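Colleague: Return a 3D structure for these sequence lines:
(chains A, B, C and D)
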2 protein chains.
Amino acid sequence: MRQVAEAAGVSTATVSNVLNSPAIVAPETRRRVEEAMTRVGFVRNGAARQLRGIPSSVVGAVLLDLANPFYGEVSRGVEDRVTEAGCMLMLCSNDAQAAKEARHLQVLEEHGVRGILVAPAAARLDALASLAKRGTPVVLLDHPQEDIDLCAVTVDNVLGGRLAAQHVIELGHRRLAFLHSSLGARQSVQRREGIHQALHGAGLDPATALVEVDIPPPDVAGGADAALDAVFADPRPPTAVLCFNDIAALGVLRGLRRLGLAVPGEVSVVGYDDVQFAAELAPALTTIRQPKYELGRAAADLLLDETRPGHRHHEVLLRPVLVVRGSTAAAPPPSGSAS
Amino acid sequence: MRQVAEAAGVSTATVSNVLNSPAIVAPETRRRVEEAMTRVGFVRNGAARQLRGIPSSVVGAVLLDLANPFYGEVSRGVEDRVTEAGCMLMLCSNDAQAAKEARHLQVLEEHGVRGILVAPAAARLDALASLAKRGTPVVLLDHPQEDIDLCAVTVDNVLGGRLAAQHVIELGHRRLAFLHSSLGARQSVQRREGIHQALHGAGLDPATALVEVDIPPPDVAGGADAALDAVFADPRPPTAVLCFNDIAALGVLRGLRRLGLAVPGEVSVVGYDDVQFAAELAPALTTIRQPKYELGRAAADLLLDETRPGHRHHEVLLRPVLVVRGSTAAAPPPSGSAS
DNA sequence: CTGTTAGCGCCTTCAG
DNA sequence: CTGAAGGCGCTAACAG
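Modeller: Next up is the predicted model:
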């Protein structure tokens, strides 16, 4: 900046004014300074500005996994909103590991970001609460507000689980499997709750009507595929499989093909998320659609609002929707294979 | 930091030493300082450090579109490599718009990032070259080095196009369609070159054997679907469709279903990228696999190496691979519908 | 309208 | 091993 000032024959303060309040600089001087800037190849130093107290224009986001198409669409929503506000995004994956998450949060805080969006992996949220108390706004993404005083955006998982279960129950299914994973533990608990509600509503007992299977990370599709062996070894196997996301459903479709079970003739499959490819699978996947892009946008919205004077923390609840396609059908008549 | 120093009854320099060279501080003093740090809730100020000249630990990446599963996997490769080096990632999408890209690059430079990975949208690369000359290392991702003196990582697109075309030619197809998009213009040119090579190799004339269709952005799948009407209105329609990515192939499968054309019985389809869902489509997609994760990792590797003293720019060329699945089969016998 | 000045928080000499 | 001092680039306040 000093170089520019010298080249233009003015002081650094004037250069600063050209940058920040062009209106108060004489046109001729301004022109000279601007010319000098391009000649010298001047680039503002963000670190110095920030040190001087200018609010940062980068926002952080800690999500589960960038390569997961669900979070891909979520981050696109975040990015678009944040870009509109003239900000940039520092993105990272926590891979469901609290330690990774803590490290990322620390670095983001040290960088003095304007705020952080986080889909928390850690069981306890105290770290986030104190982070916020120290002055870095935090917005929970796909996690309920619970007792913490933070903004939050969630999609109603209980409703989602209920929609999925009600759908197959209405089709006559009486034995269901629910495939979940520690990668979506929090969501899975709530969706299970919704499934239980639907079962009770139909007069069914979860203890006998529902098989639960945990898919070990990290390979969700492969794990789901492999998990089916045990599920269908049962003398009275389920006729409908509910999955905690579409990737797992991908694995289920593959596994059922491997086991020679027809979809939806013998087994119905319901996914979750409605990622882009869900409609094109064989058969097209019945699934619970989450408003992914909106989820990201809404979270970014809340975060950007944090700096507004009258801001008050609140929770936004989005609603999932059942999308019926080809992977679900009426339950097959009970076969005589009862042992 | 001053607060910590006061709380621990030492000077700020000692606090700094505890942080940066713990070994040279007396254990007892160190303990006291560390205790004071947690008590006060001390957080290092990244801006101040950077201003002081400490090299930044954030690297920037400007890719085409975060929501695109291809770039999702690429960025995961970048992220993992960068995290290993203790760095963070500032990610953004350029949406194939040179203006957006320029803005992002500027902000990244102002932030003083350690380096920038870019899958360039701009036609000319001078901006990148001068960026690098000013001191921010730049690595081209999925773009050849050409005449610019920068590191670059690419996947051999000519080979990819040739593999796709050779495969269907060997299956007896003599009329091919190639669906490309301005979203992948650069890659498309090279893949077309590969297709031409394959056609020539088989003694076919591209002028008559190849139909080219441009899919207008932004909806690739929908655009591909819609584009088929014109393609198959031709009296001698193609029997094989080569797509510039798997998303387009998704749309093609949908469109062919809509038109009542069997895959692979009447028409063969080849995708590109081999994204996660490609294997699970109906039918499973024959496609050209790109080493996506490796592409990201290799690019990050090159970037991190830029700061090494003896570094010399170079280009890494990765090889794509043909993955044959269910969407391609022998060409149908010529029907009598010649007009 | 333009120049001067001080200081943001940290790290690194240099003395002690 | 610890303390004091200076400066990284920028901007806000004030003086000219």
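
Colleague: The host helix or strand of residue A:168: what's the following helix or strand?
Modeller: Using DSSP states H and E, residue A:168 sits in helix A:157-170. The helix or strand immediately downstream of helix A:157-170 is strand A:176-181, counting by DSSP H and E.

Colleague: Helix or strand next in line after that next one, which one?
Modeller: Downstream of strand A:176-181, the next assigned helix or strand under DSSP H and E is helix A:185-201.

Colleague: before we move on, the earlier item: show me what the helix holding residue A:168 is packed against.
Modeller: strand A:176-181, helix A:185-201, strand A:240-243, strand A:268-273, strand A:286-289, strand A:321-323 (3 or more Cβ pairs under 8 Å, 6 or more residues apart in numbering or on different chains; DSSP states H and E). Placement of C-beta: from N, CA and C, glycine included.

Colleague: Report the buried residues of the longest one.
Modeller: Translated: helix A:185-201. A:186-188, A:190-192, A:194-199 (16 or more other Cβ atoms under 10 Å in any protein chain shown).

Colleague: go on, the shortest one?
Modeller: For strand A:321-323, the buried set under the neighbour-count rule, 16+ other Cβ under 10 Å, comprises A:322-323.

Colleague: Can you list the strands that it pairs with?
Modeller: Strand A:321-323 pairs in its sheet with strand A:286-289 (antiparallel), by DSSP bridges.

Colleague: packing partners for the helix or strand just after the strand it pairs with?
Modeller: Heading C-terminal from strand A:286-289, the first helix or strand you meet, by DSSP H and E, is helix A:292-305. Here helix A:292-305 touches strand A:58-63, helix A:69-84, strand A:115-118, strand A:138-141, strand A:151-155, strand A:315-318, going by 3+ Cβ pairs under 8 Å, 6+ apart.

Colleague: most neighbours per residue, which of these?
Modeller: Ranked by mean neighbour count under mean count of other Cβ atoms under 10 Å in any protein chain shown, the helices and strands packed on helix A:292-305 are led by strand A:138-141, which reaches a mean of 28.

Colleague: Pull up the pairing partners for that strand, direction included.
Modeller: In the sheet, strand A:138-141 lines up against strand A:115-118 (parallel), strand A:151-155 (parallel) (DSSP bridges).

Colleague: Give the rounded mean pLDDT of the first one.
Modeller: The predicted model gives strand A:115-118 an average pLDDT of 97.

Colleague: gap between that strand and the chain center?
Modeller: Between the centre of strand A:115-118 and the centre of its chain there are 12 Å (Cα atoms, centre = their mean, to the nearest Å).

Colleague: Just checking, which helix or strand succeeds that strand along the chain?
Modeller: Using DSSP H and E, the helix or strand that follows strand A:115-118 in sequence is helix A:126-133.

Colleague: That following helix versus strand A:151-155: what angle between them?
Modeller: Orientation of helix A:126-133 against strand A:151-155 (axes from the mean of the first three to the mean of the last three Cα atoms, to 10 degrees) gives an angle of 130 degrees.

Colleague: packing partners for helix A:126-133?
Modeller: With contacts taken as 3+ Cβ pairs under 8 Å, 6+ apart, helix A:126-133 sits against helix A:98-110, strand A:138-141.

Colleague: Tell me which of the ones you listed is the most buried.
Modeller: Per residue and on average, the most neighbours among the helices and strands packed on helix A:126-133 fall to strand A:138-141, with a mean of 28 (mean count of other Cβ under 10 Å).

Colleague: Restrict stretch A:288-308 to CA atoms and write it as CSV.
Modeller: This file holds the C-alpha atoms of stretch A:288-308, laid out as CSV (Å, rounded to 0.1, in the frame of the first residue of the first chain):
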residue,chain,number,x,y,z
ILE,A,288,-38.3,-39.6,1.9
ARG,A,289,-37.2,-36.3,0.3
GLN,A,290,-35.3,-33.9,2.4
PRO,A,291,-35.1,-30.2,1.3
LYS,A,292,-31.4,-30.3,1.2
TYR,A,293,-30.6,-27.1,-0.7
GLU,A,294,-33.1,-25.3,1.5
LEU,A,295,-31.6,-26.7,4.6
GLY,A,296,-28.2,-25.3,3.7
ARG,A,297,-29.7,-21.9,2.6
ALA,A,298,-31.8,-21.6,5.7
ALA,A,299,-28.8,-22.3,8.0
ALA,A,300,-26.7,-19.8,6.2
ASP,A,301,-29.5,-17.3,6.4
LEU,A,302,-29.7,-17.7,10.2
LEU,A,303,-26.0,-17.4,10.5
LEU,A,304,-25.8,-14.2,8.5
ASP,A,305,-28.6,-12.8,10.6
GLU,A,306,-26.6,-13.3,13.8
THR,A,307,-24.8,-10.1,13.5
ARG,A,308,-28.0,-8.1,13.1
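
Colleague: which of the residues in it are buried?
Modeller: Neighbour-count burial for stretch A:288-308, counted by 16+ other Cβ under 10 Å, picks out A:288-306.

Colleague: Of these, which ones also sit close to DNA strand D?
Modeller: Contacts with DNA strand D are made by none of the buried residues of stretch A:288-308, judged by Cβ under 7 Å from any atom of the strand.

Colleague: Relative to DNA strand D, which of the strands paired with strand A:138-141 is closest?
Modeller: strand A:115-118 (20.3 Å; Cβ to the nearest atom of the strand).

Colleague: so what's residue A:223 up against?
Modeller: Applying Cβ atoms under 8 Å, 6 or more residues apart in numbering or on different chains to residue A:223 gives the contacts A:181, A:215-217, A:248, A:251.

Colleague: sorry, back to before: and the helices and strands packed on helix A:157-170 as TSV, adding mean pLDDT and distance to residue A:69?
Modeller: Output for the helices and strands packed on helix A:157-170, formatted as TSV (pLDDT from 0 to 100; distance: least, Cβ to Cβ, whole Å):
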stretch	mean pLDDT	distance to residue A:69
strand A:176-181	96	16
helix A:185-201	95	16
strand A:240-243	98	14
strand A:268-273	97	8
strand A:286-289	98	13
strand A:321-323	98	16
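
Colleague: what separates residue A:257 from residue B:175, distance-wise?
Modeller: Distance, residue A:257 to residue B:175, by Cβ to Cβ, to the nearest Å: 32 Å.

Colleague: which of these two has more neighbours?
Modeller: Comparing residue A:257 with residue B:175 by other Cβ atoms under 10 Å in any protein chain shown, the one with more neighbours is residue B:175, at 18 against 15.

Colleague: So which bits of the stretch 51-200 of chain A are right by DNA strand C?
Modeller: Near DNA strand C, when you scan the stretch 51-200 of chain A using Cβ under 7 Å from any atom of the strand, you find A:51-53.

Colleague: Now narrow these to whatever sits close to chain B.
Modeller: Taking Cβ under 8 Å from any Cβ of the partner chain as the test, chain B is in contact with residue A:51 out of those.

Colleague: Quick check, the residue in chain A closest to DNA strand D?
Modeller: Of the residues in chain A, the one nearest DNA strand D is residue A:1, at a distance of 2.5 Å by Cβ to the nearest atom of the strand.

Colleague: correct me, but that residue touches residue A:40?
Modeller: No. Using Cβ atoms under 8 Å, residue A:1 makes no contact with residue A:40, being 9.3 Å away.

Colleague: for the stretch 201-339 of chain A, which spans come out with low pLDDT?
Modeller: Within the stretch 201-339 of chain A, the stretches with pLDDT under 70 are A:335-339.
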